[in-house]
Every structure is written in C-alpha cells, then in structure tokens.
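*Asks:* Build the 3D model from these lines:
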Amino acid sequence: MNNAIVIIPTYKERENIKAIIEAVFAQPKAFDVLIVDDNSPDGTAEIVEGLQTYYNHEHTRLHLLKRPGKQGLGTAYIAGFRYALAQGYEFLLEMDADFSHDPKDLVHLYNACALQGADLSIGSRYATGVNVVNWPMGRVLLSYFASMYVRLITSMPIADTTAGFVCYSRKVLSTIPLDKIKFVGYAFQIEMKFVAWKYGFKLVEVPIIFTERVRGESKLSPGIFKEAFFGVIQMTVSSWFKKYIPAEVQNS
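*Replies:* Here you go, the predicted structure:
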C-alpha cells in the first residue's frame, strides 16, 4: 500500500474516468486512487471495476466505493475520508475527475504536506493572480469574488477558499469531527478549510492552473452558490460559540 490516496467523486464521468485514473497512476510519486461513485447511470462504476482487474494484481491500488445515488459532493468526500482513514493512509488528496485539476500538480500538493510541513495544502487558482483557463469572464469573477467574500466574513487567510484540489494529512481528518460537517455542496470545501484553520492546522496554498472541463457535464447549480453565500455567515457566527481544541493538544 502507498501512503497517499487520491479521492475522486464521480457522477456520470464515463468520458473521463479511465483517462484520469491512468494519469494519476502515471505520476512519479505512487498514489493509490479511490473512486466514490454515486450510482452513475452511464456506467462509470463499471468502467472502474474493469480497470481494477488490471491494476490490482500485487496489491489494491484502485479502490471503488459505490453509493446508492447522488447525496452531495461533501458526503461523497466524507465517505471517502472514512474509507481511506480506515485503510491507514497518511495523506488524502481530493481532485475532480474532469481534468480541471492537472494530475501533475498532485506531487506538489503531496510534497507541501509530506516534506514541507503543511497540514493541509490547497491547489490555489488565486494565490498568484487569476490562473483559470477556458472559463467565461462572468464565472471567473463570480468565483474570485466568492473567495474574497469568504475571506471577508471568516478572516481566513486563504485566497482560494472554494478550491477542491487539496491534500490533507491524516491528523487533520482525524481531528475534525466529520459527522458535524454541515455542507454538502461546494460550500463543503469552504467549511473543511475553515474548521481546519480554527483547529490551528497549517494551511498552505500551492499555485495551480485550473482548466475548465472539456468532456462531460458540469455539476454546478444556482443552489450551490446560495448554500455557500448564506452558509458562510451561519458557519462563522456558529464558530463564535464553539471551542476548538488545538490540534497539538488533541493529538498529544
């Protein structure tokens, strides 16, 4: 077993799934892969099962967690976290299946945690300006100002608060009470960073270039932005009445 696993949630990713798995396995650092599929009607899980017979000869490198239906991005990742923690992985990475996240950046995110002392490394579109390819200007502005809004409300010192390309060290996910994470859409990414920051973990941004998907369909919806806009205020106010025991105290 390798010490790091890449968790990729899927729903109707038939066009991308084989290529993204092959791209992750082609990296110079050996990563295992966990696909969390929400009963994709296009046969995504079946493709993964076929690839398992090819990759899992000496040991299991390609894992598959099948869920009965769409239950939200956040719950998919939490299911993946629980599975990977139970398997004993030290570093758990998140990425999308559609190549908007470059698999070559996985090594940089891993190194930031494994070699450079970060507890949570974030593949950031905005750490060095705006590094987004093939997005319409309206969506770029919406995403950029959404992150600014989150920084303003929460005071969290992160330029790309909504990023979904990250690496967690095991101690972060062992400390955060995953059963109390409330958001299920893209606000989940904000909440996870916020809670990790409140617990005193070291968050580091790693500059990346984000590229809009070429194949398959986007999962974004107006409800996702509504959840994030109002949820951030609620999350911040709620945090004023909670105690976050520092990570070093919990793990001592």
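*Asks:* What ranges does the stretch 51-200 of the chain have for its strands?
*Replies:* Counting by DSSP state E, counting those that start in this stretch, the stretch 51-200 of the chain has strands at residues 62-66, 91-94, 120-124, 132-133, 166-169.
*Asks:* what comes into contact with the third one?
*Replies:* Counting contacts by Cβ atoms under 8 Å, 6 or more residues apart in numbering, the residues outside strand 120-124 that touch it are 101, 105, 108-110, 112-113, 158-160, 163, 165-169, 172, 193, 196, 201-208, 210. Bear in mind the C-beta positions are built from the backbone N, C-alpha and C, glycine included.
*Asks:* try 6 Å
*Replies:* Strand 120-124 is touched from outside by 105, 109, 112-113, 159-160, 163, 165-168, 172, 196, 201, 203-208, with contacts defined as Cβ atoms under 6 Å, 6 or more residues apart in numbering.
*Asks:* With stretch 147-161 instead?
*Replies:* 124-127, 162, 190, 194, 197, 232, 236.
*Asks:* Closest to the centroid, which residue in this protein?
*Replies:* For the chain, the residue nearest the mean C-alpha position is residue 94 (3.3 Å; Cα atoms, centre = their mean).
*Asks:* for it, which residues make a bridge with it?
*Replies:* Applying DSSP bridges to residue 94 gives these bridge partners: residue 7, residue 166.
*Asks:* Surely it touches residue 167?
*Replies:* No. Counting by Cβ atoms under 6 Å, residue 94 stays clear of residue 167, with 7.9 Å between them.
*Asks:* ok so, going back, between the strands of the stretch 51-200 of the chain, which one is nearest to residue 13?
*Replies:* strand 62-66 (12.8 Å; Cβ to Cβ).
*Asks:* All set, thanks.
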